[in-house]
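In: pasting the sequence and the predicted coordinates here, then a few questions.
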Amino acid sequence: MKIGLLQFKPGVSVRSRKLPKDIKMLRNAIKVRGHIPKVLRVDKCQLYYTRTTPKLLYAGKPFPKIDVIIPRFSALENVALKATIVHQIEMLDIPIIQSYMSLVRAKNKLRTLQMLTEKSIPVPKTMVVSRFEYLDEAIRKIGSFPIIIKTPFGSLGKGVAIVETRRSLHSAFDMLLTSPDFNSLLIQEYVAESEGKDIRVFIIDGKVVVAMERDSQGRDFRSNLALGGEGKVVKLSGTEKEISLLAAKTLNLKVAGVDLLRSKTGPVIMEVNANPGLEGITEVSGLDVPGMIIDYAIKYKKSLKI
Ligand SMILES: Nc1ncnc2c1ncn2[C@@H]1O[C@H](COP(=O)(O)OP(=O)(O)O)[C@@H](O)[C@H]1O
Ligand SMILES: [Mg+2]
C-alpha cells in the first residue's frame, strides 16, 4: 500500500527538507510494515478548478495515487482556509483518516466546548468574552482568581495564560484588543487541584491506547511536554475513560489526544487534539503509537473495499 502523510508543518523553514519528528516516526512505521510512505507537503498541493471540476495537483504533476492519507494538521490561524486541502482530498474520494470537519472543529477551542457540552461532557467553567465591558461579569461567573485565559486556536501551551488579579486581566485584555486578529478570549476557571498536572488520553479508532499524566514538576501551571512537562503512564477511572471516548466520538476523530484535568468534582475535558504529538507518548509508554496509527489507516482503507 502507498500511504500518504500530509505534512502541514513547514519543518524548520518553508524551504527546509528536514522532516518533523512525528512524520519521521510515521514514515518509519509504514516502512517496517512493508508499505510505501509518501510525505505530501501541503504547500506543494495545488488546488485547481477547471470550469466544471475540482482537481488536485502535486508539485505541478497529477496528484500521486495514494491508498490512504494520514493528515498531520496544524495551524494557528486561518484554520478553515488551511484545512481546505483536506476537504478537496475528500471530494476527490481519496481515503483520508480524519475528515475536514473533524479537524476544523477540534482546532477551535470554542467549537470543541460547544460540542462537548451539547453532549453533557464536563468541561471547565468557561466564558467567552469579546468586549471589555463584559470582563467583570465573566470574573463574577468564573468565581475567583487565579483564572485561565486562552485564545481559541492555541496549541503546545502557547495560547494559554494564568492571570492572578482583575487588574492584570483588564490590562492583558486591552493589550489583546490591539491585535487586528483579536476576536474572542476564553476565560476559564483554574482547576487548582490539578497542580500543573493533566492527563493526555490517546485514542485510536474508538479505543484508549494509553493515558499519560503530564506534570510540569512545579515549573508552570501548564503541563505540555513541549514546555518541559514530564509524562508517566496512568490508569484511567471508568468515568475518565468514558468521557474521553465520547469526546473523540463527538468530534468524529479517529486519532485523538484528549486532555483532561482531575478536578475535585471529577474529570473535566479541556480540549481534544486532532494531531496529538507522537514522540512523548511513545517514549513514556514504550508502545508503538505511530505503528498503531498506521495499522488503523490500513484497516480503514481495507474496510472501504467491502
Ligand atoms: N482550566 C485549567 N486549569 C488548570 N490548568 C489548565 C487549565 N487549562 C489549561 N491548563 C493547563 O495548561 C495546559 C495547556 O492547556 P490546553 O487547553 O490543553 O491548551 P494547548 O492547546 O495549548 O495544549 C494544559 O495541559 C494544562 O496543564
Ligand atoms: Mg493541550
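Out: On my side now, so go ahead. Being a predicted model, the structure only gives us computed values, none of them experimental. Residues are numbered from 1 along each chain as shown. Ligands and ions are numbered 1, 2, ... in the order given.
In: quick one: contacts of stretch 159-166?
Out: Contact partners of stretch 159-166, identified using CB atoms under 8 Å, 6 or more residues apart in numbering, comprise 76, 136, 139, 145-154, 169, 172, 190, 221-222. Every C-beta, even on glycine, is put in place using the N, C-alpha and C of the backbone.
In: among those residues, which lie within strands?
Out: Residues of the contacts of stretch 159-166 located in strands (DSSP state E): 147, 148, 149, 150.
In: number of residues surrounding the last one?
Out: Applying the criterion other CB atoms under 10 Å, we find 20 residues in the vicinity of residue 150.
In: quick check, the helix or strand containing residue 245 touching ligand 1?
Out: Taking DSSP states H and E as the criterion, residue 245 maps to helix 238-250. No - Helix 238-250 is not in contact with ligand 1 by CB under 6 Å from any ligand atom; minimum separation 12.8 Å.
In: then that helix to CSV, C-alphas only?
Out: Extracted in CSV, the C-alpha atoms of helix 238-250 (Å, rounded to 0.1, in the frame of the first residue of the first chain):
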residue,chain,number,x,y,z
GLY,A,238,-14.2,4.4,34.4
THR,A,239,-15.7,7.9,34.0
GLU,A,240,-12.4,9.3,32.6
LYS,A,241,-12.3,6.6,30.0
GLU,A,242,-16.0,7.0,29.1
ILE,A,243,-15.9,10.8,28.7
SER,A,244,-12.7,10.7,26.7
LEU,A,245,-14.0,8.2,24.3
LEU,A,246,-17.3,10.1,24.0
ALA,A,247,-15.3,13.4,23.3
ALA,A,248,-13.4,11.8,20.5
LYS,A,249,-16.5,10.3,19.1
THR,A,250,-18.5,13.5,19.3
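In: quick one: contacts of that helix?
Out: With CB under 8 Å, 6+ apart, helix 238-250 has contacts from 115-116, 118-119, 121-122, 199, 201, 203, 206-208, 211, 236, 256, 258, 260, 262, 266-267, 269, 272.
In: now, of those residues, which are buried?
Out: Among the contacts of helix 238-250, those classed as buried by 16 or more other CB atoms under 10 Å are 115-116, 121-122, 199, 201, 203, 208, 211, 236, 256, 258, 260, 262, 267, 269, 272.
In: all set now, cheers.
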